[in-house]
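fold the following.
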Amino acid sequence: MSIYTQLTQEQRYQIYALLKMEHTDTEIAEAIGVHPSTIGREIKRNHGRRGYRPKQAHYKAMSRRRKARERISPDEWALVEYLVRRDWSPEQISCRLKVE
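Residues are numbered from 1 along each chain as shown. Next up is the predicted model:
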């Protein structure tokens, strides 16, 4: 298992195929290299009336991703880039952003 990354469309099709073959969440997780709780969450979040459908699951996941709010505005990014070019440390930049 690795650092957290979102599931790919290919992984969602693998989940679908393994579910059809009646594998457990743990077996599916081992097969695609993610934590078993990831599989359980994926199935629970994206299970509809007709069961788990990978194409719809991927669409839902991408639409949820787009709804995530921006944490840093474009203006703040521009300021950060400017200060990095002027050799400011991350700590200095962070303190500056907190003040403003």
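
helices of this structure, start to end?
Per DSSP state H, the chain carries helices over the ranges 9-20, 25-32, 36-45, 54-66, 74-85, 90-99.

quick one, domains of this protein?
The chain breaks down by automatic domain parsing into domains covering 9-66, 70-100.

including mean neighbour count and mean pLDDT, could those go into CSV?
For glycine as for every other residue, the C-beta is placed from the backbone atoms N, C-alpha and C. Compiled in CSV, the domains of the chain are given as follows (neighbours: other Cβ atoms under 10 Å; pLDDT from 0 to 100):
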stretch, mean neighbour count, mean pLDDT
domain 9-66, 15, 92
domain 70-100, 11, 88
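
quick one: the residue most central in space within the chain and residue 31, what's the gap?
With distances taken as Cα atoms, centre = their mean, the residue of the chain nearest its centroid is residue 6 (3.5 Å). According to Cβ to Cβ, to the nearest Å, residue 6 stands 18 Å off from residue 31.

for residue 72, same thing?
Relative to residue 31, and taking Cβ to Cβ, residue 72 is found at 37 Å.

then residue 44?
For residue 44, the distance to residue 31 - Cβ to Cβ - is 19 Å.

swap in residue 14?
For residue 14, the distance to residue 31 - Cβ to Cβ - is 7 Å.

ramachandran angles for residue 50?
phi -100, psi 20 (degrees, to the nearest 10).

check the gap between it and residue 44 for me.
15 Å.

and residue 72, by the same measure?
31 Å.

residue 35 too?
14 Å.

many thanks, I have nothing further to ask.
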